[in-house]
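> When you get a sec, could you give me coordinates for this:
(one chain, ligands or ions: 3)
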Amino acid sequence: MAPPAVAGLALSALLPADTLTAPPLLQNESTQPGTVEVTLTAAPAIIEMAPGIVTDGYAYNGMIPGPLLEVSEGDRVIVHLKNELDEETTVHWHGFHIPAQADGSPFNPIPAGGSVDFEFEIPEGTAGTYWYHPHPDMVTGHQVAKGLYGGIIVRDPDDPLPAMTEKLLILSDNRFLEDGSVDLPERRSMQGRIDFENGREGDIMFVNGQVMPTIPIRPGEVQRWRVVNASAARVYRLAIPEHELVHVGSDGGLFEKPVVTDELLIANSERLEFLVRGTAEPGTKTVLRDLPYDRYIPQTRPKNWDQPQDLLALEYTDDPPISGPEIPATLRWIEPLDPDEATVERVFVLTQGFINGKTMDMARVDETAELGATEIWTVENLVGMDHPFHLHGFSFQVLDRNGVPEPYRSWKDSVNVPKHETVRLIVRFEDFPGLWMYHCHILDHEDEGMMGVLEVR
Ligand code: C2O
Ligand code: CU
Ligand code: CU
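Ligands and ions are numbered 1, 2, ... in the order given. So this is what the prediction gives:
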């Protein structure tokens, strides 16, 4: 029996709205245990990309962001990918340690109207937050801006964190012309040049494709938030006023120990996990905010770069406080890669649009690594803006930044290299020979060739 209408009204007036939409799960078509088999279709879509802005966009399975791929360590994954776009595409599983032919790199384009089956296994120890996006040669930024990106969660059957409300926040920004189309200027126009310099930013900020959604929280509650930075270029400096954030993980999953902090920096393509403790009073409201972060060359720095921007509302219920779950002091052990075992050291010099003075050539192999080798890579940024450096296929550990040892270990696949700074990382090419890419993950830079090819053999 339906409750009386008046009671219903009173109830909804008390509860903060819960408006953040979680991307729906990709349906598993397999009945075999340990196998996840899904179908992903990239296609044009007339879709409301921002409130009141109907756009001629692209979407995976008709939605932006695309559906969530959720798998567990050890799973066998089969993805039937259909390309219904009028152009070539690929799907890259950003951060996954899988064979090169399943990487979805520009070496394996899927023609318009074509389809391909990806098959790979999720290695043990890689539980964490990842994402997928197109990676065709020279037009990745364009396809992501039109709406192609989606989240991935890899679960650990023995997750060390207690069960709690979990949110996935996929951050992106975009810009539209008056007719509703995505603003993708000619490369040689003035805005095109600024976009190439800075990396394209938009004035509208999205969380899971929504503008300023609301997350409710009960006083005392602890929530687990996973964040993906799917922006082409924007670096977010996240904070919740008067709240501590308990940083528990990054690209490749959980840290060894939680780290308490006031703010978190997340460059494009990076991920992080943190816990939000509901320490404010019942009935109060706050926001998740993006604080100013100067990643820019002064000449092309956006006018409002020093203005904080709100991303979502966090609203406390009126309920009396509960006591949240106990957070373990140790989350897991991360095997340290040993610099004494490194047999090769390489230097990658980043300048505006170039790596080691070169732009991408698909027919050239820039670096050759031996299967099984441990290597130290020095990534040196010579110019006055940040460049986030990403390596396909292999997670690494940051050793030091500007000579300062990294305070704690974590598995990374992208690392922001701030203006005029040097980051040293260590990586082991234990398996999966083949051709891999490394590049700046500012999509405009990547598309213009700030990328190289690594052959592992
Ligand atoms: Cu997010 Cu080459 O990748
Ligand atoms: Cu990648
Ligand atoms: Cu760059």
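
> Enumerate the residues of the stretch 251-400 of the chain near ligand 1.
269, 390, 392 (CB under 6 Å from any ligand atom). Where you see a C-beta, it was placed from the backbone N, CA and C, and this is true even at glycine.

> mind listing what the closest residue to ligand 1 within the chain touches?
Closest contact between the chain and ligand 1, by CB to the nearest ligand atom, is at residue 94 (3.7 Å). Residues in contact with residue 94 (CB atoms under 8 Å, 6 or more residues apart in numbering) are 130, 131, 132, 133, 269, 390, 413.

> ok, back up a step: out of the residues of the stretch 251-400 of the chain next to ligand 1, which are close to ligand 2?
Taking CB under 5 Å from the ion as the test, ligand 2 is in contact with residue 392 out of these.

> of the residues of the stretch 251-400 of the chain next to ligand 1, closest to ligand 3?
Checking these against ligand 3 by CB to the ion gives residue 390 as the nearest, at 10.2 Å.

> Quick check: the gap between that closest one and residue 231.
Separation of residue 390 from residue 231 (CB to CB, to the nearest Å): 14 Å.

> Show me what the strand or helix carrying residue 397 is packed against.
Assigned by DSSP states H and E, residue 397 belongs to strand 396-401. If you count contacts as 3 or more CB pairs under 8 Å, 6 or more residues apart in numbering; DSSP states H and E, strand 396-401 packs onto strand 422-428.

> any idea whether residue 141 is helix, strand or coil?
helix (DSSP: H, G, I helix; E, B strand; the rest coil).

> quick one, phi psi at the spatially closest residue to it that is not a sequence neighbour?
Of all residues beyond its chain neighbours, the one nearest residue 141 is residue 443 (3.4 Å), with distances taken as CB to CB, 6 or more residues apart in numbering. For residue 443, the backbone dihedrals are phi -60, psi -30 (criterion: degrees, to the nearest 10).

> nearest to ligand 2, of the residues of the stretch 251-400 of the chain next to ligand 1?
Using CB to the ion, these come closest to ligand 2 at residue 392, 4.5 Å.

> for the chain, what are the low-confidence residue spans?
The model of the chain has pLDDT under 70 over residues 1-14.

> mind checking the longest strand of it?
strand 35-50 (DSSP state E).

> From the contact counts, what lies against that strand?
strand 53-60, strand 66-72, strand 76-83.

> tilt between it and strand 76-83?
Interaxial angle, strand 35-50 versus strand 76-83 (axes from the mean of the first three to the mean of the last three CA atoms, to 10 degrees): 40 degrees.

> Okay, buried residues for strand 35-50 please.
Going by neighbour count (16 or more other CB atoms under 10 Å), the buried part of strand 35-50 is 36, 37, 38, 39, 40, 41, 42, 45, 47, 49, 50.

> Same question for stretch 368-375.
So, applying 16+ other CB under 10 Å, buried residues of stretch 368-375: 369, 374, 375.

> quick one: which two of the buried residues of strand 35-50 are the most distant?
37 and 50 (33.5 Å; CB to CB).

> what bridges to residue 182?
Residues in a beta bridge with residue 182, per DSSP bridges, are residue 176.

> How many residues are close by it?
Residue 182 has 20 neighbouring residues, counting by other CB atoms under 10 Å.

> Report the contact partners of it.
Per CB under 8 Å, 6+ apart, neighbours of residue 182: 49, 55, 56, 57, 145, 146, 174, 175, 176.

> For ligand 2, see how far away the second one is.
Translated: residue 55. 26 Å (CB to the ion, to the nearest Å).

> My guess is that residue contacts residue 183. True?
No: checked against CB atoms under 8 Å, the pair residue 55 and residue 183 is beyond contact range at 10.3 Å.
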